[in-house]
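Enquirer: next input, structure requested:
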Amino acid sequence: MQDSIKLQLMGVQTWELIHPERIPVRSQALLSLRVDCRLLFVSSVKPIDDSALFYQKILKAMTLELTDTLHISPEQLLLLDGEHIPEWIWFAGDDKAIERFTQLTQQYQLSPPPKKLVSPHLTNINGNDMERRALWNQIRAYG
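Expert: Down below sits the predicted model:
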């Protein structure tokens with residue numbers, strides 16, 4: 001039985017390795033997203049504590065729930081299997097966001113492409129009116 005099936009049977013939806021460098025290098029497996037994922041949050045930093053609360057406020061303004069989202073690191077984006085690509089992809093704190101997004105949309109010939117948000121890390125937006133306004137303007141542009 002596949003490890004992912006075993007984890008699903010145990011009720012584990014997602015997992016993250018603390019020390020991936022300790023695992024022998026093998027060909028990297030493709031990642032499958034849940035079909036109910038509507039927003040993919042791509043960031044090297046997972047929202048926790050205050051940034052998680054701020055993240056939830058933004059999601060609420062987008063009429064999304066936390067359960068509608070998944071978090072992956074920027075390096076994992078191109079490991080997606082392409083079976084399900086959500087309607088939103090939000091890059092937070094990724095200097096190569098545009099390049100990665102373009103590569104993903106070309107790799108899977110996504111037409112129309114997902115709605116793309118690019119912002120600094122959540123901790124740099126929370127409390128910064130200019131950055132919050134810039135993010136809100138991106139969200140509203142898809143309105």
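
Enquirer: tell me what the residue nearest to the spatial centre of the chain is bridged to.
Expert: With distances taken as CA atoms, centre = their mean, the residue of the chain nearest its centroid is Phe41 (2.2 Å). On the basis of DSSP bridges, Phe41 takes part in beta bridges with His71, Trp90.

Enquirer: that one against His71, yeah?
Expert: Yes: counting by CB atoms under 8 Å, Phe41 does reach His71; the two are 4.6 Å apart. All C-beta atoms are positioned from the backbone trio N, CA, C, and that covers glycine.

Enquirer: identify the contacts common to those two.
Expert: Pro47 (CB atoms under 8 Å, 6 or more residues apart in numbering).

Enquirer: skip the chain neighbours and tell me the closest residue to Ile125.
Expert: Glu131 (4.4 Å; CB to CB, 6 or more residues apart in numbering).

Enquirer: so for the helix or strand hosting that neighbour, mean pLDDT?
Expert: Under the criterion of DSSP states H and E, Glu131 resides in helix 129-141. Taken as a whole, helix 129-141 has a mean pLDDT of 97.

Enquirer: what residues of it count as buried?
Expert: Glu131, Leu135 (16 or more other CB atoms under 10 Å).

Enquirer: from the middle of its chain, how far away would that helix be?
Expert: Using CA atoms, centre = their mean, to the nearest Å, the mean C-alpha position of helix 129-141 is found 18 Å from that of the whole chain.
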